[in-house]
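> Sequence and predicted structure are below.
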Amino acid sequence: MIRDPQTLQALLDAVERFVRERLVPAEAQVAETDDIPDDIVREMKALGLFGLTVPEEYGGLGVTMEEEVMVMLAMGQTSPCFRSLFGTTVGIGSQGILIDGTEAQKKKYLPLLATGELIASFALTEPDAGSDAASLRTTAIREGDHYIVNGTKRFITNAPHAGIFTLMARTNPEDKGAGGVSAFIVEANTPGITVGVKDRKMGQRGAHTADVIFEDCKVPAAQLIGGREGQGFKTAMKVLEKGRIHIAAICVGVAERMQRDALNYAIERKQFGQPIAEFQLVQAMLADSQAEIYAARSMVIDAARRRDEGRNVSTEASCCKLFASEMCGRVADRAVQIFGGAGYIADYGIERFYRDVRLFRLYEGTTQIQQIVIARNLVREAMR
Ligand code: COS
């Protein structure tokens, strides 16, 4: 739902300019140093990017899902590591508070998240609980007016920068499934939390993930999201459902960028006495990518609109994540192919995107998890 086209257009113009003038020129440096410069982070905050999804009453921009998708399509036109820095705050790190938190929790944390003063991380995955998220082993055992948290979370995006973690932990060890899990807001400076060394990743340098280890970490009972035990897995699923549309939009944006770079290269590069863009076999690759990008773009916008209308989009969100992330991988592969030998050489940049986008098919639910969600929903509905 677009509420005010003029305001949205002004925001999109500002984001597009920021991407073009500040982020694209910094891509190679960030990949080299594995660090986003402070001045860029400050500008992200000033643009309101950290507060995109926080409602206006708590100091954010309160964008709708469709508006969020439009911003992510614009943000996708550069290295995905930039989006990652504010992405967990806008998305999976904060949405648990927004969707299921108490009013007091919202009042306390959302304004700090909206300004970027506080970065939020989402702590669900563990060494032995990835796709099977409900099997998580981290425990949060109630003792008086606190919970004592013990366990290890793995691959936690923005953990080294986080001010708060949305933590999923088992409050009822008797219940080994989803029903025993609760969600907490845990402040990163709580004694008993250690953030591990930054993971060395295939791509997305500048975006950081790490283990987060909880050892007898005393979390006040008031930090239980929504004040109710046993709801944490559902909170995580609701958060991920929205996140899947967000990630799909980023996939489309990055695919558009790679396609543009491949097209420009194909026009400039001459072989056999003519630009390679004039060869039909190269054109076929460009055409296939364009058709798939358009399909994914249409899906993402449609799913966002349905969500804004209050409809159940579990199936659509997974369809978007599945199709857009796989599409993005295919577009990256074709782009490298069009670049030829240069596609394998770091100076040309496209190999970096090829590595960066591999993550999209894995995080916030692998392609196989999206298939499971879609198929289960279909069967469940058909059997009703
Ligand atoms: N919204 C609200 N509730 C949801 C939901 C959603 N989108 N999806 C599931 N639930 C609820 C179910 O309705 C069920 O509630 P009841 O017990 O009251 O019926 C509960 O959550 C458990 O759901 P389910 O039985 O489907 O859980 P499973 O353990 O079978 O797991 C999958 C389902 C595989 C889909 C889930 O574990 C998953 O999404 N895994 C991937 C995790 C992931 O994305 N990890 C990435 C980490 S973040 S980078």
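Noted; the coordinates are in hand. Just so it is clear, the model here is predicted, and its values are computed rather than measured.

> For the residue in the stretch 251-384 of the chain that the ligand sits nearest to, give me its contacts.
Ranked by C-beta to the nearest ligand atom, the top residue of the stretch 251-384 of the chain for proximity to the ligand is Gly365, at 3.3 Å. C-beta here means a position set from N, CA and C on the backbone, and glycine is covered the same way. When contacts are counted by C-beta atoms under 8 Å, 6 or more residues apart in numbering, Gly365 touches Ser131, Leu240, Arg244, Ser318, Lys321, Val373.

> sec struct for it, please.
coil (DSSP: H, G, I helix; E, B strand; the rest coil).

> how about the residue in the stretch 1-150 of the chain that the ligand sits nearest to, secondary structure?
With C-beta to the nearest ligand atom as the measure, Ala134 is the residue of the stretch 1-150 of the chain nearest to the ligand, at 3.5 Å. Counting by three-state DSSP, the backbone at Ala134 sits in helix.

> Please tell me how far it sits from Gly180.
9 Å (C-beta to C-beta, to the nearest Å).

> so which strand or helix has the closest residue to Ala26 other than its chain neighbours?
Sequence neighbours aside, Ile40 is the residue nearest to Ala26 in space, at 6.2 Å (criterion: C-beta to C-beta, 6 or more residues apart in numbering). Element membership for Ile40 (DSSP states H and E) is helix 38-47.

> got the residues of the stretch 201-350 of the chain near the ligand?
Phe233, Lys234, Met237, Lys238, Leu240, Glu241, Ser314 (C-beta under 6 Å from any ligand atom).

> Report the secondary structure state of the first one.
By that I understand Phe233. helix.

> need the contact list for Thr78.
Val19, Leu23, Val24, Glu27, Arg257.

> got the contact list for the fourth one?
Going back to what we said before, that points to Glu27. Thr78, Ser79, Gly349, Arg352.

> thinking again about what came up before, could you dump the contacts of Gly365 into CSV and include secondary structure and neighbour count?
Below are these laid out as CSV (DSSP: H, G, I helix; E, B strand; the rest coil; neighbours: other C-beta atoms under 10 Å):
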residue, secondary structure, neighbour count
Ser131, coil, 12
Leu240, helix, 23
Arg244, helix, 30
Ser318, helix, 27
Lys321, helix, 33
Val373, helix, 22
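
> confidence score at the residue of the stretch 1-150 of the chain closest to the ligand?
As predicted, Ala134 sits at a pLDDT of 97.

> same deal with Ile193?
Confidence score, pLDDT, at Ile193: 98.

> any idea how far Leu8 is from it?
38 Å.

> Could I get the full set of helices for the stretch 1-150 of the chain?
Ranges of helices in the stretch 1-150 of the chain, per DSSP state H, counting those that start in this stretch, are 5-18, 24-33, 38-47, 65-75, 80-90, 95-100, 103-115.

> per-domain residue ranges of this structure.
5-115, 120-230, 234-382 (automatic domain parsing).

> pLDDT on the first one, on average?
The one in question is domain 5-115. Rounded mean pLDDT across domain 5-115 is 97.

> what about it, start to end distance?
Its first and final residues considered, domain 5-115 spans 23 Å by C-alpha to C-alpha, to the nearest Å.

> now the second one
For domain 120-230, the first-to-last residue distance is 22 Å (C-alpha to C-alpha).

> same thing with stretch 341-350?
11 Å.

> Show me which parts of that stretch are buried, residue by residue.
Gly343, Tyr348, Gly349, Ile350 (16 or more other C-beta atoms under 10 Å).

> Then stretch 175-192?
Here stretch 175-192 shows Ala178, Gly179, Gly180, Val181, Ser182, Ala183, Phe184, Ile185, Val186, Ala188, Thr190 as buried, counting by 16+ other C-beta under 10 Å.

> Show me where the stretch 251-384 of the chain has its helices.
So, for the stretch 251-384 of the chain - with DSSP H, counting those that start in this stretch - the helices run 280-308, 314-339, 350-356, 367-383.

> ok, residues contacting the third one?
With contacts defined as C-beta under 8 Å, 6+ apart, helix 350-356 is touched by 27, 31, 79-81, 202-204, 254, 257-258, 261-262, 332-333, 335-336, 339, 342-346.
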